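[1] fold the following and give me the result.
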Amino acid sequence: MQPGASASLPARVFLATFTVVAPVSALIVALGIWLIDPYGASPLRLPIARPIMDINQRYMYPQVVRSKAYDSVVFGTSTSRLLDPEELNQAFGGKFVNLAMNAATAWEQTELAKLYLRHQPNPKAFILGLDFVWCQGPGELQTITFRGFPAWMYDENPWNDLPELFSIQTLEIAGRLVAYHLGLMPERIRGDGYEVFTPPEKTYDLARAQGHIWKGFAEQRLPVVSPPVTLSDEAAQRLAFPALDGLELLLNRTSGVPLRIIAFMPVHIAAQPAPGSESAARYGVCRDRIAALAKSHGVKLVDFAIASDVTSNDSNYWDPLHYRLPIAGRIVEGLKEAVATGRDAPDGLYKVR
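    Below you'll find the model as predicted:
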């Protein structure tokens, strides 16, 4: 026997064992993931309840959509997330789901809405909460954020989901789902997508909130540009807002929906362009184009993103974008009134454009 021959035998046995055990173990893990499947995407999934267990709505909402359990819907960013489906049910009838996503780009919102309309082609109500992402120029427009976007979940081929599901992330969320069924963990948010993601109201601190709201502004007020910047008709026509193509597509696809509302959400005045500024002029052009789209498609456009007693009052906000819980209820009531009367709010909360 040559020196070292005996020492190489255990190594060869280990390698031989590893080449068998490793793929078998991986297959067992993969099969477990595909059967449990917390996202409801696998064609091999077991018929079990799958509540929302992930923190990334982009991964959880497709299965909510495919359940076809909700005939009315809200889309938007975090500025629309506090609209309670149960309150919307009472205001408009139907069975609402809130599919607004944190920091959602206009493209992400459009993709999710397209998925919803494929699986619920005749909804009773369609509400889209708007903010600045719809008015970004070509150089500013984002499609996907650092959160990622699982495009494979948004097509109609479940088999291409299998390799994508084989990941540490899915394994973690599958573990949470198992814990839920064992009674060890609650569902993360309600099945209709609603979550109070802002801090508890009892912890509200006005001084702290003002620090967030007015960061970067002196004396807690916006600068006023004087004389105001105006754009010529030619300059306004040259402005491009690519996301509005997606908005028009959604308005075309919802032409038969009985109730359609697009609403600018009430961000604090500190998050609105400074009066008279070039940004305000550009944003005004975009808003006018959205108003023209709404009018041409017979859609109600309700504008809460104006200077009002709500948006000018620091105590209504946690930061420039996120209002407090009581304001969400006022928005739902405002939408109901706007639809019923077709007129601006008597208290100045919104304008019907």
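[2] what's the pLDDT at residue 9?
    For residue 9, the pLDDT comes out at 69.
[3] next: the one 5 residues further on.
    Confidence at residue 14, expressed as pLDDT, is 62.
[4] can you check residue 274 too?
    pLDDT, residue 274: 89.
[5] then residue 146?
    89.
[6] most centrally placed residue in this protein?
    Computing the C-alpha centroid of the chain and ranking residues by C-alpha atoms, centre = their mean puts residue 101 first, at 1.7 Å.
[7] okay, it and residue 77: tell me how far apart.
    7 Å (C-beta to C-beta, to the nearest Å). C-beta: built from backbone N, CA, C; applies to glycine.
[8] between the two, what contacts are shared?
    Between them, residue 101 and residue 77 share these contacting residues under C-beta atoms under 8 Å, 6 or more residues apart in numbering: residue 109.
[9] tell me where the stretch 101-250 of the chain has strands.
    125-130 (DSSP state E, counting those that start in this stretch).
[10] what do you get for the stretch 251-353 of the chain?
    259-264, 300-303, 351-352.
[11] mind putting the ones you listed into JSON lines with mean pLDDT?
    Output for the strands of the stretch 251-353 of the chain, formatted as JSON lines (pLDDT from 0 to 100):
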{"stretch": "strand 259-264", "mean pLDDT": "98"}
{"stretch": "strand 300-303", "mean pLDDT": "98"}
{"stretch": "strand 351-352", "mean pLDDT": "96"}
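[12] turn those strands into JSON lines, columns for distance to residue 35.
    JSON lines is the format used below for the strands of the stretch 251-353 of the chain (distance: least, C-beta to C-beta, whole Å):
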{"stretch": "strand 259-264", "distance to residue 35": "40"}
{"stretch": "strand 300-303", "distance to residue 35": "45"}
{"stretch": "strand 351-352", "distance to residue 35": "51"}
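[13] I'd like those laid out as a markdown table, including mean neighbour count and distance to residue 283.
    Formatted as a markdown table, these follow (neighbours: other C-beta atoms under 10 Å; distance: least, C-beta to C-beta, whole Å):
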| stretch | mean neighbour count | distance to residue 283 |
| --- | --- | --- |
| strand 259-264 | 22 | 10 |
| strand 300-303 | 22 | 12 |
| strand 351-352 | 16 | 15 |
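[14] what count of nearby residues applies to the closest residue to residue 222 other than its chain neighbours?
    Counting by C-beta to C-beta, 6 or more residues apart in numbering, residue 222 lies nearest to residue 274, which is 4.9 Å off, once chain neighbours are set aside. The burial count assigned to residue 274 is 18, neighbours taken as other C-beta atoms under 10 Å.
[15] ditto for the one 5 residues further on
    For residue 279, the tally of surrounding residues (other C-beta under 10 Å) stands at 15.
[16] over to residue 196?
    14.
[17] check the closest residue in space to it that isn't next to it in sequence and give its pLDDT.
    Residue nearest to residue 196 in three dimensions, not counting chain neighbours: residue 325, with 6.4 Å by C-beta to C-beta, 6+ apart. Looking at residue 325, its pLDDT reads 97.
[18] and residue 325, how far from residue 68?
    Distance, residue 325 to residue 68, by C-beta to C-beta: 30 Å.
[19] check residue 142 too.
    30 Å.
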